[in-house]
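K.L.:
structure for the following, please:
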Amino acid sequence: MSKNVLVLCTGNSCRSQMAQGYLKAFAPSGVEIYSAGIEIHGVNPRAIEIMKEDGIDISSNKSNHIDEYADIKFDFIITVCDNAKERCPYFPSNAFKFHYNFSDPAKAKGTEKEINASFKSTRDLVKLYFKEFISAYL
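P.N.:
Model prediction:
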């Protein structure tokens, strides 16, 4: 039996893209992974690079709007930022809903090294969270 998982974030550019990358890499077969935003910001190039460092290629991912998936029956909807959780339009679904507020590395300030460290920190937390999610629910 197949399962549909939606990861939802504000702009579908960093955190949800990282989550989609790890879910696709680690989820068992028969699980369809989607990510979307309540806005569309495009996939962040730094997110692509930091994921590549961990062997996950998200360079072909697209930034999608939640409305594109209105006809899909989701089993799980996971918001990865407080803004998306609070601003998400009504999304009729019987899906199990999960939430974890990962810090937004796209808002990091400082030197190149500090910004990269912020992306790496978020990436590592996303990886851990979704490995545990897969183990518990998929």
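K.L.:
next helix or strand past the helix or strand of the chain with the lowest mean pLDDT?
P.N.:
Taking mean pLDDT, DSSP states H and E as the measure, the helix or strand of the chain with the lowest value is helix 82-87, at a mean of 68. Per DSSP states H and E, the first helix or strand lying C-terminal to helix 82-87 is strand 96-99.
K.L.:
could I get the average pLDDT for the helix or strand following that next one?
P.N.:
Note on strand 96-99: by DSSP H and E, the next helix or strand toward the C-terminus is helix 112-137. Mean pLDDT, computed over helix 112-137, is 97.
K.L.:
give me the most central residue, the chain.
P.N.:
Ser16 (1.7 Å; CA atoms, centre = their mean).
K.L.:
give me every residue that touches it.
P.N.:
7-9, 35-37, 80 (CB atoms under 8 Å, 6 or more residues apart in numbering). Using the backbone N, CA and C atoms, a C-beta is placed for each residue, glycine as well.
K.L.:
just the buried residues of the strand or helix carrying it, please?
P.N.:
Ser16 is located in helix 15-26, with elements delineated by DSSP H and E. Using 16 or more other CB atoms under 10 Å as the test for burial, helix 15-26 gives 15-26.
K.L.:
orientation of the helix or strand following it relative to helix 112-137 in degrees?
P.N.:
Moving toward the C-terminus from helix 15-26, the next helix or strand (DSSP H and E) is strand 31-37. Orientation check (axes from the mean of the first three to the mean of the last three CA atoms, to 10 degrees): strand 31-37 against helix 112-137 gives 140 degrees.
K.L.:
tell me the helix or strand right after strand 31-37.
P.N.:
helix 45-53.
K.L.:
export that next one as PDB, just CAs?
P.N.:
Extracted as PDB, the C-alpha positions of helix 45-53 are listed here (Å, rounded to 0.1, in the frame of the first residue of the first chain):
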ATOM      1  CA  PRO A  45      21.400  27.100  -4.100                       C
ATOM      2  CA  ARG A  46      23.000  26.800  -0.600                       C
ATOM      3  CA  ALA A  47      20.500  24.100   0.300                       C
ATOM      4  CA  ILE A  48      21.500  22.200  -2.900                       C
ATOM      5  CA  GLU A  49      25.200  22.500  -2.000                       C
ATOM      6  CA  ILE A  50      24.900  21.500   1.600                       C
ATOM      7  CA  MET A  51      22.800  18.500   0.700                       C
ATOM      8  CA  LYS A  52      25.300  17.500  -2.000                       C
ATOM      9  CA  GLU A  53      28.000  17.500   0.700                       C
END
